[in-house]
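> take a look and give me a structure for this.
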Amino acid sequence: MNDTNPKEIPGRIRELREDEEISALDIARDIGISAADYAKYESGELDIPISVLYKIAVSLGVDATVLLTGEDPRMESAAVCRAGQGKQIERYPGYEFSSLAYNFKGRTLEPLLVYLDPSKPEAAQVSHGGQEFNYVVEGRVKVTVGKRAYVLSAGDSIYFDAGLLHGQAAVDGPSRFITIIQEKP
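Next up is the predicted model:
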C-alpha cells in the first residue's frame, strides 16, 4: 500500500504556487473561495476537501496527483493499479481513500476506493461540481444527498449530482465503497 501523508499536501501547494509566482489571493479567486479559507488550507490549519484540491491543481496547471504524491502521473494509454497499491490518504479520521488511477495522465474521472471506520465521527458533508457514483463493495453505507439519506449494502450503487451537499457514513461496521467522481470542466 502506498501511503501519502496528507500533511505534506499544503506544503506542495505553497511551493508550486510560489514557483509559478502566483499569489494566494489569485488562487483563491480562481477557485471561488475566500482568501481566508485558502490561507487555512495552504497552512494546513484546515483539511482540504478533495474537490478543492482538484480546483487548486487546475489553477496551478498540474495534475492532482502532483499535489497528493509529489510525483507526476506517467501513464498515457493505460494505468494498472494492483490490489493494495493505490495512493492512500486519510482525509478525515475514519474516512480513508486510495486513488486507483493516480498514475494516468489527463484523467477525467477520479476513481477512489474508500474505507469508512464507524468508530470515528462522520466526516462533514461536501459539495463539488460534476457528478459522483458510489458502489458499495463491503458493509453498509449511508449516503446522504441533499436532505435524503439512502442506506446501501454490498452490491448497491448510487449516482448523484455532486453539487448537492453529500456524505457517506458506515452503518453497523466497517465499510468499503468505490466512488467515481467527475468534475465538470
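
> what residue of this protein is the furthest out?
For the chain, the largest distance from the centre (CA atoms, centre = their mean) belongs to E21, which lies 25.8 Å off.

> doesn't that residue belong to a helix?
No. With DSSP: H, G, I helix; E, B strand; the rest coil as the criterion, E21 is coil rather than part of a helix.

> quick one: E42 is in a helix?
Yes. Counting by three-state DSSP, E42 is part of a helix.

> what about it, how many residues nearby?
Around E42 there are 21 other residues, counting by other CB atoms under 10 Å. In this view, the C-beta of every residue, glycine as well, is placed from N, C-alpha and C.

> was I right to think it contacts I13?
Yes. Taking contacts as CB atoms under 8 Å, E42 lies within contact range of I13: 5.6 Å.

> mean confidence score for the longest strand that the chain contains?
The residue-count maximum for a strand in the chain (DSSP state E) belongs to strand 166-182. Per-residue pLDDT over strand 166-182 has a mean of 93.

> quick one, helices of this protein?
Here the chain has its helices, by DSSP state H, at 9-19, 24-31, 35-43, 50-60, 64-69.

> so for the first one, what gets flagged as buried?
This points to helix 9-19. 9-10, 12-13, 16-17 (16 or more other CB atoms under 10 Å).

> quickly list what the closest residue to Q125 other than its chain neighbours is bridged to.
Leaving aside its sequence neighbours, Q125 sits nearest to G167 (CB to CB, 6 or more residues apart in numbering; 3.9 Å). Beta-bridge partners recorded for G167 (DSSP bridges): T144.

> just checking, G167 touches A124?
Yes. Look at G167 against A124 with CB under 8 Å: they come within range, at 7.0 Å.

> between those two, which one's more packed in?
Under the criterion of other CB under 10 Å, the comparison of G167 against A124 puts G167 first, with 16 against 11.
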